[in-house]
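A.B. asks: The following block contains a protein sequence and its predicted model.
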Amino acid sequence: QGIPMKTSLQVLLYSVLFILASCGGSSGGDSGSTTPPTTPPPTSDSPGGIWRGTLTSDVLNQVEDIIGVITEAGDARFVSLDGGQQFFGQISEDGNAASGSLRAVSLLGGQFPNGASSGTINIDATVSERDSISGSFVGVGDEGTFSLTFDSLYDLDSSLDLVAQHWTSTETIFKSLVPGFGSAPFGGAVDDAGNFAAADLDGCDYAGLISVLDTQYNLYDISMTVSSCGSWDGSYNGVGVFDNVSGPDTTLTIAVATDQISIVGDLAETAPESITGIWGGTILSNFTGPYETVGLISEEYDAQFFSATGAQIVGNAEVLGNIFRMDAVAYAPFGTTHVDGSVRGSVDVRGLVTTGFRSTGSFEGVGDSGTYDIFYDTLYERSSSLARVEGSWVTPSPTGGITDLVITVEPTGQFSGAADGCTYNGTISLIDTNFNAYRLSVEVLNCGGITGTYTGLGALSDDQSLNDTLSVSVNNDVTSLWAIFSRAP
């Protein structure tokens, strides 16, 4: 089945082989000797460029669309737009003749006519500078011909300013021919120095560097490490080119590979989505069933979610394009354990997010896995101030291990309280006065298993009157606490 890619990419090649020639002579006579004109040295046609065309397999009796990039440094990288295979290596040139041995690698699950997933092909070609390349190939159980035409997009300038954006996959990132895996939505962000981080909904994480090869040409070098991705884990190298560099249709096509595996795809420039806010919805565990959850992700991207059962998920959120990712810690409900028997453990959360609307995705960890579906609450857009939390607050019932706690918040944000012999002292502070989010730190004393220092988040909501409910969630390296306070009469 062909890969539905629409744009461009790869092949590198270049060459600079000057063949120097010289000739000379003399003639006798009364008038002395003369030196005949020097014959100019032959020059090579540069194969540098972005090239598009077809590859015809005589063995498979089929024609594939291919794209190639040849750098001004002599490297070549070709990609099949139908099968995702890549062919890369160094090509030598002599005049208008070019040849070389290229590494051939397939997508995971793919193979060449000889049954191998990787190998070598040899090519011989004729180059017409900035016009065409045609020739033949043999290797990996296949042989045939190819014909390529120069694409003037190659002559666009390159700059890190162009790539320092957020990116999403226009369709998918293709890294597998295995049905149901390897083509998940992808999002990433590149900083001003070319460093990038990315993630997809297969659970894979990507990190690396994009750099400019020559500012005169539309061609970028990519080095990348893939992790948390099973068979795809490893170090990749390749190239990127812009298929379009204007307006909302800006597209960056990438092709990277190890010696064994190919990854290719088209990325669209996008404004980054936001995951900050108050969120509420459902978590559906594959083991324990559905439960309701509410949470807060602050403008500093720290996140606290808790459920009516007392379970909490705490971590640092990140948005890459439209992909939400959080390496989190899950706390079991007070006095219970997770599916794997732990009370606290790592969980990976990731999904798609639409700013101010919805996020859907999945989680995995602590012996559990499942999906989530949460919706944005405009309550987050209410401004915050210490005056709004000043006063006395009481928990109407036992929550998160806290029983009938009463606290008093001073105008400075400092608070204190006591219940069942336990003492609570802490501070509520502002994060961003434009949003309904508060940071908390609290020390719990003389309270058995929950004695300790905690930090977390809180937000105000309405029950009987405006801002009469304060929800808080705090945690430390051992356990977590949460409570819903009502303003005392």
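C.D. replies: Arrived safely.

A.B. asks: pull the CA atoms of the strand or helix carrying Thr427 into PDB?
C.D. replies: Per DSSP states H and E: Thr427 is located in strand 422-430. Included here for strand 422-430 are C-alpha records, laid out as PDB according to Å, rounded to 0.1, in the frame of the first residue of the first chain:
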ATOM      1  CA  CYS A 422      -2.900  17.400  63.100                       C
ATOM      2  CA  THR A 423      -1.600  20.900  62.400                       C
ATOM      3  CA  TYR A 424      -1.400  22.500  59.000                       C
ATOM      4  CA  ASN A 425       0.700  25.600  58.200                       C
ATOM      5  CA  GLY A 426       1.300  27.000  54.800                       C
ATOM      6  CA  THR A 427       1.000  29.700  52.200                       C
ATOM      7  CA  ILE A 428      -1.200  30.400  49.200                       C
ATOM      8  CA  SER A 429       0.400  32.500  46.500                       C
ATOM      9  CA  LEU A 430      -0.500  33.900  43.100                       C
END
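
A.B. asks: Which residues belonging to it are considered buried?
C.D. replies: For strand 422-430, burial by neighbour count (16 or more other CB atoms under 10 Å) applies to 422, 424, 426-428. Glycine gets a C-beta too; all of them are placed from N, C-alpha and C.

A.B. asks: next one: stretch 302-316
C.D. replies: In terms of neighbour count (16+ other CB under 10 Å), stretch 302-316 has its buried residues at 302-307, 310-315.

A.B. asks: Show me which pair in the residues you listed is furthest apart.
C.D. replies: Asp302 and Gly310 (20.2 Å; CB to CB).

A.B. asks: What segments of this structure are helices?
C.D. replies: Here the chain has its helices, by DSSP state H, at 160-163, 386-389.

A.B. asks: can you tell me which of these comes nearest to Asp151?
C.D. replies: The stretch from the helices of the chain with the least distance to Asp151 (CB to CB) is helix 160-163; that distance is 17.4 Å.

A.B. asks: Using PDB, write out every CA atom in stretch 290-308.
C.D. replies: Output of stretch 290-308 as PDB, limited to C-alpha atoms (Å, rounded to 0.1, in the frame of the first residue of the first chain):
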ATOM      1  CA  PRO A 290     -14.400   5.000  34.400                       C
ATOM      2  CA  TYR A 291     -14.200   7.800  36.900                       C
ATOM      3  CA  GLU A 292     -14.600  11.500  36.800                       C
ATOM      4  CA  THR A 293     -11.600  13.800  37.100                       C
ATOM      5  CA  VAL A 294     -11.000  17.500  37.500                       C
ATOM      6  CA  GLY A 295      -7.600  19.200  37.200                       C
ATOM      7  CA  LEU A 296      -5.600  22.400  36.800                       C
ATOM      8  CA  ILE A 297      -2.700  23.100  34.600                       C
ATOM      9  CA  SER A 298      -1.100  26.500  35.400                       C
ATOM     10  CA  GLU A 299       0.600  29.000  33.200                       C
ATOM     11  CA  GLU A 300       3.800  27.500  34.300                       C
ATOM     12  CA  TYR A 301       2.600  24.200  33.000                       C
ATOM     13  CA  ASP A 302       2.600  22.300  36.300                       C
ATOM     14  CA  ALA A 303      -0.500  20.000  36.500                       C
ATOM     15  CA  GLN A 304      -2.600  18.500  39.300                       C
ATOM     16  CA  PHE A 305      -5.600  16.200  38.500                       C
ATOM     17  CA  PHE A 306      -7.600  14.400  41.100                       C
ATOM     18  CA  SER A 307     -10.800  12.200  41.200                       C
ATOM     19  CA  ALA A 308     -13.600  11.600  43.600                       C
END
